[in-house]
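Participant: Below: sequence and its predicted model.
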Amino acid sequence: IQLAFSPTENGVAFLRFLSDGLATFRNFLKSEYSDENIEFWLTCEDYKKIKSSFRMSSRAKKIYEQFIKAESPKEINIDYHTREQIKRNVKTPTMHCFDDAQKIVYGLMERDSYPRFLRSDIYRTLLESLAADATNG
């Protein structure tokens, strides 16, 4: 996974985790009814890979409608200024038009969701499973 920004030093473990334990983390977020942040982040990572300007424009509008627009189905928690900036960016989208929102969402997951995940039963079960696999190896 390549980011358009550098994670904090403490966030390196979280970034490494996103590469390795994503499915389990997503299940945890779904169990808390808070999976919109990881869904947005992953959608943005896919969006950045689009080469066609037509597809980029179409996809940017869908992302805006799904995650950014007030009262959208999976509205992410971002400030008004960022929301308005993205609203303008989507009119002439580039691969970076969601970067600011993506940074905010990453920070929320790193500081809030991830620490809660580390204290969860889902995480404990994952560790037990990994330990059993290593023992049975």
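Facilitator: Thanks, I have the structure now.
Participant: Ser57: what's its closest spatial neighbour, skipping adjacent residues?
Facilitator: For Ser57, ignoring the flanking residues on the chain, the nearest one in space by Cβ to Cβ, 6 or more residues apart in numbering is Pro93 at 5.5 Å. For glycine as for every other residue, the C-beta is placed from the backbone atoms N, C-alpha and C.
Participant: low-scoring pLDDT stretches of this protein, where are they?
Facilitator: Applying pLDDT under 70 to the chain flags the ranges 1-20, 134, 137.
Participant: just the helices in it please.
Facilitator: Under the criterion DSSP state H, the chain contains helices at 11-20, 22-31, 36-47, 53-63, 80-89, 99-108, 114-118, 121-136.
Participant: which parts of the shortest one are buried?
Facilitator: Put plainly, it is helix 114-118. Across helix 114-118, burial judged by 16 or more other Cβ atoms under 10 Å covers Tyr114, Phe117.
Participant: tell me what that helix is packed against?
Facilitator: Secondary-structure packing of helix 114-118 (3 or more Cβ pairs under 8 Å, 6 or more residues apart in numbering; DSSP states H and E): helix 22-31.
Participant: Touching the helix it packs on from outside, list them.
Facilitator: Contacts to helix 22-31, defined as Cβ atoms under 8 Å, 6 or more residues apart in numbering, come from residues 17-18, 35, 37-38, 113-114, 116-117, 120, 122-123, 126.
Participant: Taking helix 36-47 as reference, get the angle to that helix.
Facilitator: 140 degrees (axes from the mean of the first three to the mean of the last three Cα atoms, to 10 degrees).
Participant: Tell me which residues of helix 22-31 come out buried.
Facilitator: Thr24, Phe25, Phe28, Leu29.
Participant: Can I get it in PDB? Just the C-alpha atoms.
Facilitator: Extracted C-alpha coordinates of helix 22-31, given in PDB (Å, rounded to 0.1, in the frame of the first residue of the first chain):
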ATOM      1  CA  LEU A  22      -7.200  -5.900   7.000                       C
ATOM      2  CA  ALA A  23     -10.000  -8.500   6.800                       C
ATOM      3  CA  THR A  24     -10.100  -8.900  10.600                       C
ATOM      4  CA  PHE A  25     -10.000  -5.200  11.200                       C
ATOM      5  CA  ARG A  26     -12.900  -4.700   8.700                       C
ATOM      6  CA  ASN A  27     -14.900  -7.400  10.500                       C
ATOM      7  CA  PHE A  28     -14.300  -5.500  13.800                       C
ATOM      8  CA  LEU A  29     -15.400  -2.200  12.300                       C
ATOM      9  CA  LYS A  30     -18.600  -3.800  10.900                       C
ATOM     10  CA  SER A  31     -19.400  -5.300  14.300                       C
END
